[in-house]
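**Q** Build me a model from this:
(2 chains)
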Amino acid sequence: MRNRLREQRTQRGLSQAELAAALGVSRQTVISIEGGRYLPSLPLAFAIARFFDMTVDKMFDPDDEEAGT
Amino acid sequence: MMTFIRPRLRKPVGIALGGTLWAAAWVVHGGNGWQWAIVAEIGTIALAIGWYVRGGRDNDDEDALAGSHADERQQLLSQRSWALAGKVAMLAAFAGVVAAVAARAGWWWPFAALFAITGFVYLLGLSTYGVGEEGPADDADDGHQMRSPVSH
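**A** Below is the predicted model:
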């Protein structure tokens, strides 16, 4: 499952460390989520989506073809 | 008990306690055991300090685990690693029992005990962590509700 986390973070000019601090997770976890190597829990997925004023299904896209668009 | 200790100190305190027990065992052992006790205690203190220093860093997942401030992914990593350790311990104990029985050796029982303990704790874990999954299926409930009180 791909996501728009990196895209949204860079659009807002945030570093991975700043986003991690805002979400209450480690920088390594932000890196893992951005790289698609870790699927966050539902609470964390909602926290990420809320942080960027998006819905969860807009932030996390199970369809790889549409994820990059 | 550990929750009363600052997170960064939890692992170092655990290491210090374990190492001190190990050193005490050498003292109780008698003879020249006190020399091994000193070595064990020095090693333990060095390891505990090293773990404390590492717990204050933010370079990788092990640092977060050492400092007991792991997030959900890092806790999952730790759980998986402990699960792997448990599996390997159980398999090693089974291999030990098999080898001891084949060799007609008298040291089979520590392996059997470890095998029994790991197996029991696995079942205990299933019972403890699976307790919320019990209960009738929704469709079974629906069946009761749909049955008419005047149909028979």
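**Q** The strand or helix carrying B:Arg10 near chain A anywhere?
**A** B:Arg10 belongs to helix B:7-29 when assigned by DSSP states H and E. No - using Cβ under 8 Å from any Cβ of the partner chain, no contact is recorded between helix B:7-29 and chain A, whose separation bottoms out at 13.7 Å. C-beta here means a position set from N, CA and C on the backbone, and glycine is covered the same way.
**Q** can you state the direction angle for the next helix or strand after that helix and helix B:7-29?
**A** Going down the chain from helix B:7-29, the next helix or strand is helix B:33-55, by DSSP H and E. On the basis of axes from the mean of the first three to the mean of the last three Cα atoms, to 10 degrees, helix B:33-55 is oriented at 170 degrees to helix B:7-29.
**Q** Return helix B:33-55 as PDB; C-alpha atoms alone will do.
**A** In PDB, the C-alpha atoms belonging to helix B:33-55 read as follows (Å, rounded to 0.1, in the frame of the first residue of the first chain):
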ATOM      1  CA  GLY B  33      34.100 -17.600  42.500                       C
ATOM      2  CA  TRP B  34      34.500 -14.100  43.900                       C
ATOM      3  CA  GLN B  35      37.000 -13.300  41.200                       C
ATOM      4  CA  TRP B  36      34.400 -14.200  38.500                       C
ATOM      5  CA  ALA B  37      31.800 -12.200  40.600                       C
ATOM      6  CA  ILE B  38      34.000  -9.000  40.300                       C
ATOM      7  CA  VAL B  39      34.400  -9.600  36.600                       C
ATOM      8  CA  ALA B  40      30.700 -10.100  36.200                       C
ATOM      9  CA  GLU B  41      29.800  -7.000  38.200                       C
ATOM     10  CA  ILE B  42      32.300  -4.800  36.300                       C
ATOM     11  CA  GLY B  43      31.000  -6.100  33.000                       C
ATOM     12  CA  THR B  44      27.400  -5.500  34.200                       C
ATOM     13  CA  ILE B  45      28.000  -1.900  35.200                       C
ATOM     14  CA  ALA B  46      29.800  -1.200  31.900                       C
ATOM     15  CA  LEU B  47      26.900  -2.800  30.000                       C
ATOM     16  CA  ALA B  48      24.300  -0.900  32.000                       C
ATOM     17  CA  ILE B  49      26.100   2.500  31.400                       C
ATOM     18  CA  GLY B  50      26.400   1.700  27.700                       C
ATOM     19  CA  TRP B  51      22.700   0.900  27.500                       C
ATOM     20  CA  TYR B  52      21.900   4.100  29.300                       C
ATOM     21  CA  VAL B  53      24.000   6.200  27.000                       C
ATOM     22  CA  ARG B  54      22.400   4.400  24.000                       C
ATOM     23  CA  GLY B  55      18.900   5.100  25.300                       C
END
